[in-house]
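# give me coordinates for this.
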Amino acid sequence: MSQKNGHYIPRLLKKYREEIVVGMKKQFGYENVMQVPHLEKVVINMGVKEGAQDIKILDQIALELSQIVGQKPVVTRAKKSISSFHLREGAPIGLKVTLRKSRMYEFIDRLFNVAMPRIRDFRGYSNQSFDSNGNYTLGIQEQIIFPEIQFDKIKKVQGMDVTFVTSTNHTEEAKQLLQMLGLPFKK
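Residues are numbered from 1 along each chain as shown. From the prediction side, this is the model:
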């Protein structure tokens, strides 16, 4: 935990500024620090199909997600009715949180260094989950890998999607950035 002018600076942000920027400038030949790719935001999305029928489950999962990320999630609603899914327009179907700045770096640090080592038979994430804009999405199957969640109070095991939005459009640069931050990729 470091402080600058009385402000708290997350450990991973400090590492980015001191090590990763220098390493990426050297590797990709950037002339200016502002050219180095950075994380703009992290979006965590949970689809809760039971939320339309039982609001208590949605409230419990929202509480758990807020404990994990440190920010209150937004309830996402169905845009249109789909009768085959028994879904009505406006029904609550999920939760979403967008993290930026120091909360984002704190979450990423806990995800990479505390939660991911708790995943059973974990061998790294795929290289194929990048989109054309240099953003990376990974899936987590259970929220119980986070130490903030008390296993005996869980009503439903729920997965989530975590999207890392980068400032670059090049997949190779985005992969190198995430790898230097600590995201384990498959060999």
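
# quick check: which ranges of the chain have low pLDDT?
1-6, 52 (pLDDT under 70).

# can you pull out the helices in this structure?
Read by DSSP state H, the chain holds these helices, from start to end of the chain: 11-15, 21-28, 55-69, 101-110, 171-181.

# make CSV out of the ones you listed and add mean neighbour count and distance to Ser83.
Using the backbone N, CA and C atoms, a C-beta is placed for each residue, glycine as well. Conversion of the helices of the chain to CSV gives the following (neighbours: other CB atoms under 10 Å; distance: least, CB to CB, whole Å):
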stretch, mean neighbour count, distance to Ser83
helix 11-15, 17, 46
helix 21-28, 14, 50
helix 55-69, 18, 21
helix 101-110, 19, 38
helix 171-181, 18, 39
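
# could those helices go into TSV alongside distance to Val162?
Output for the helices of the chain, formatted as TSV (distance: least, CB to CB, whole Å):
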stretch	distance to Val162
helix 11-15	15
helix 21-28	22
helix 55-69	10
helix 101-110	9
helix 171-181	11
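
# nearest to Gly90, out of those helices?
With distances scored as CB to CB, the stretch of these nearest to Gly90 is helix 55-69 (13.3 Å).

# so what does that closest one touch, helix or strand wise?
With contacts defined as 3 or more CB pairs under 8 Å, 6 or more residues apart in numbering; DSSP states H and E, the secondary structure elements packing on helix 55-69 are strand 39-47, strand 92-99, helix 101-110.

# hmm, who's touching the second one?
Outside of strand 92-99, the residues that reach it under the criterion CB atoms under 8 Å, 6 or more residues apart in numbering are 41-49, 51-52, 55, 58, 61-62, 65-66, 69, 71-78, 87, 107.

# put the buried members of those into a PyMOL selection.
Buried subset of the contacts of strand 92-99, written as a PyMOL selection, criterion 16 or more other CB atoms under 10 Å:
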select buried, resi 42+43+44+45+46+48+51+52+58+61+62+65+69+71+73+76+78+87+107
